[in-house]
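Asker: I'd like to go over a predicted model; first the sequence, then the structure.
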Amino acid sequence: MSDLNPADASDGTEDGDGVETKTDELPEGTIEEAERLTRLARQAIVDREEASYRDRRSTILEDHDFTARVREESTGDVLVLHPEEWHDSDEGVIRTDRIDDVSRAIEVRLEGAGDPDDWEAVDADNRSLVETIRAEHGDAHGDNADAFADFMGNHYARRMDSATTSEIAEFLEEYYVRNVWSSEEQRAVIEESIGLVFETAGEPVPEFVVQ
């Protein structure tokens, strides 16, 4: 018995969000919704809300005879979607003797760096979001979002609205202080600017506290 090793699931191809896409079993929309519900569960403060998100994820995956788990890695957590038949519910692990084709598993990186080969596409998405924020909320928020886009793109090769609480803290406490020539107006609204990034992208705002 063993958990699925990340190296064992590398036969597929990855898209810009670090998703293994070599499968016909799970629709793209189901994969994206499973990721969204997983992120919401991880950000939930109330246990009941967390359980509700996980239950909804289980329901949409059950329709395709799939299940989900989050694998912890030194480079960041990874959401693994795999056939239910691989899972030993009594032991709570994946049984390697039940795995017929590792490429059936789909992996979505929840933390850590994305694929640097997709940097241009990620940067284009981030810059589009920056311009929307600038147009709707003014230059102070636009400049802050631009700095956040630089940080997430250059350091993690990911969209701003995928940032985790620890990555937001790193940006606010280290990168912003040392690398951004910000105005007093920008500094006064930086936390609000981060919130606007997620709100404008239609994503829930993570709970973060500046030390």
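Answerer: All right, it came through fine.
Asker: can I get stretch 124-139 in CSV, CA atoms only?
Answerer: What follows is stretch 124-139, C-alpha atoms only, in CSV (Å, rounded to 0.1, in the frame of the first residue of the first chain):
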residue,chain,number,x,y,z
ALA,A,124,-1.0,38.3,-19.7
ASP,A,125,-3.8,37.2,-17.4
ASN,A,126,-2.3,39.1,-14.4
ARG,A,127,-1.8,42.3,-16.4
SER,A,128,-5.4,42.2,-17.7
LEU,A,129,-6.6,41.9,-14.1
VAL,A,130,-4.3,44.8,-13.1
GLU,A,131,-5.8,47.1,-15.8
THR,A,132,-9.4,46.2,-14.7
ILE,A,133,-8.5,47.1,-11.1
ARG,A,134,-6.8,50.3,-12.2
ALA,A,135,-9.8,51.3,-14.4
GLU,A,136,-12.4,50.5,-11.7
HIS,A,137,-10.5,51.6,-8.5
GLY,A,138,-7.8,54.0,-9.4
ASP,A,139,-4.1,54.2,-9.8
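Asker: only the buried residues of that stretch, if you could.
Answerer: Within stretch 124-139, the residues scored as buried using 16 or more other Cβ atoms under 10 Å are 125-126, 129-130, 132-134, 137. Glycine gets a C-beta too; all of them are placed from N, C-alpha and C.
Asker: quick one: contacts of it?
Answerer: Applying Cβ atoms under 8 Å, 6 or more residues apart in numbering, the contact partners of stretch 124-139 are 141-143, 145-146, 149, 152-153, 159-161, 193, 196-197, 200-201.
Asker: dump the buried residues of stretch 124-139 to CSV, plus secondary structure.
Answerer: Listed next are these as CSV, based on DSSP: H, G, I helix; E, B strand; the rest coil:
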residue, secondary structure
Asp125, helix
Asn126, helix
Leu129, helix
Val130, helix
Thr132, helix
Ile133, helix
Arg134, helix
His137, helix
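Asker: and these as CSV, adding distance to Thr59 and pLDDT?
Answerer: Below are the buried residues of stretch 124-139 laid out as CSV (distance: Cβ to Cβ, whole Å; pLDDT from 0 to 100):
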residue, distance to Thr59, pLDDT
Asp125, 29, 91
Asn126, 32, 95
Leu129, 31, 96
Val130, 36, 97
Thr132, 33, 97
Ile133, 34, 97
Arg134, 39, 97
His137, 37, 97
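Asker: and which of those residues is nearest Leu40?
Answerer: Using Cβ to Cβ, Leu129 comes nearest to Leu40 of the buried residues of stretch 124-139, at 19.7 Å.
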